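*Asks:* 3D, please:
(one chain, ligands or ions: 1)
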Amino acid sequence: MKKFITKLSSEFKLPTDAVGQRLLKEYGALFVACGGAIPPPMVIFKSEAEVSAFQNGLQQSKEKIGGFDVELQAAAMKNLQDAISEAEQNSLTITPRGADSAKRDYTGTVELWASRVNPGLTNYIGKGKLTAAEAAKIRALSPFEQVPEIFKLESQGMFFSKDLSKSIIYSVAPPGTSQHLSMLALDVSEHENSKVRDVLARHGWFQTVVSDLPHFTFLGVSENQLSGLGLKKVNDGGRTFWLPSL
Ligand SMILES: [Zn+2]
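*Replies:* Have a look, this model is predicted:
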């Protein structure tokens, strides 16, 4: 068995469907987070009720950072604050990109998903790649049911990232799958500064979603322990990302 699988909590529900397995591969580093972090027990939350049940069971912490309210799991917040102090000593800052940079709710992830799917469908109708009827059928599905349909269109070359050049999953997370729902993720304004990325990494915050550049995930260990969690290093565009070795 792959080391990564053995590092998942015993309560974790391993996905058996293609969509779930792909999401585990792309977003799954989070599920082996430790150091006081509690990862979700499944790849996809199916409703607001499931998200709030999980979030309500967490030890949460709320701080004003860079003018925004930031809500994270307590262990993630403590390490973020340590990183911010270390950054300050080196005349650097670490601030959230906006009001939705940390905790999100299910509805928020549904809205973000729709903000890519709807213009994408309109574009592909305009290009004659999709009929209005096919698009209407997808729009009528629940956000959860839309995911495999969008992946199917992407396998035919119709991509749904903001600039339509790559998969939607590198642009927004499918509904109920965002790492922000787990309160272990933060979108950082200063992500382009490699010194800032190094400071964050020293405090357990790593990049785990390839090509989601502002996005950091609290994994709760030091860099030399990540391979022991079954994660592999992926270099992309001059950056280091940590993904499940599956
Ligand atoms: Zn993010």
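*Asks:* going forward, measure contacts between C-alpha atoms and count neighbours the same way
*Replies:* Will do.
*Asks:* residue contacts, whatever residue of the chain ends up closest to the ion?
*Replies:* For the chain, the residue closest to the ion is H215, as judged by Cα to the ion, at 4.2 Å. H215 makes contacts with A185, L186, D187, V188, H191, Q207, T208, V209, as judged by Cα atoms under 8 Å, 6 or more residues apart in numbering.
*Asks:* I'd like these written out as JSON lines, with pLDDT added.
*Replies:* Shown next, in JSON lines, are the contacts of H215 (pLDDT from 0 to 100):
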{"residue": "A185", "pLDDT": "98"}
{"residue": "L186", "pLDDT": "98"}
{"residue": "D187", "pLDDT": "98"}
{"residue": "V188", "pLDDT": "98"}
{"residue": "H191", "pLDDT": "98"}
{"residue": "Q207", "pLDDT": "98"}
{"residue": "T208", "pLDDT": "97"}
{"residue": "V209", "pLDDT": "94"}
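*Asks:* among those, which are in strands?
*Replies:* When DSSP state E defines the strands, the subset of those inside them is A185, L186, D187.
*Asks:* What's the local residue count around the last one?
*Replies:* If you count neighbours by other Cα atoms under 10 Å, D187 ends up with 22.
*Asks:* ok, now which ones touch it?
*Replies:* P96, R97, G98, S101, A102, P214, H215, F216.
*Asks:* what pairs with it across the strands?
*Replies:* H215 (DSSP bridges).
*Asks:* Okay, domains of the protein per the record?
*Replies:* 3-97+183-244, 106-170 (automatic domain parsing).
*Asks:* Would you map the strands across this protein?
*Replies:* Along the chain, counting by DSSP E, strands occupy 60-65, 68-73, 185-187, 205-206, 215-218, 231-236, 239-244.
*Asks:* Tabulate those strands (JSON lines), appending distance to Y170.
*Replies:* Shown next, in JSON lines, are the strands of the chain (distance: least, Cα to Cα, whole Å):
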{"stretch": "strand 60-65", "distance to Y170": "26"}
{"stretch": "strand 68-73", "distance to Y170": "22"}
{"stretch": "strand 185-187", "distance to Y170": "14"}
{"stretch": "strand 205-206", "distance to Y170": "16"}
{"stretch": "strand 215-218", "distance to Y170": "11"}
{"stretch": "strand 231-236", "distance to Y170": "13"}
{"stretch": "strand 239-244", "distance to Y170": "13"}
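*Asks:* And those: which comes nearest T177?
*Replies:* Nearest to T177, of all those, is strand 185-187, at 12.1 Å by Cα to Cα.
*Asks:* For the closest one, what is the distance to the chain centroid?
*Replies:* Here strand 185-187 is found 8 Å from its chain centre; the criterion is Cα atoms, centre = their mean, to the nearest Å.
*Asks:* Let me know whether Y106 touches F54 as I believe.
*Replies:* No - here Y106 does not reach F54: they are 11.5 Å apart, not a contact under Cα atoms under 8 Å.
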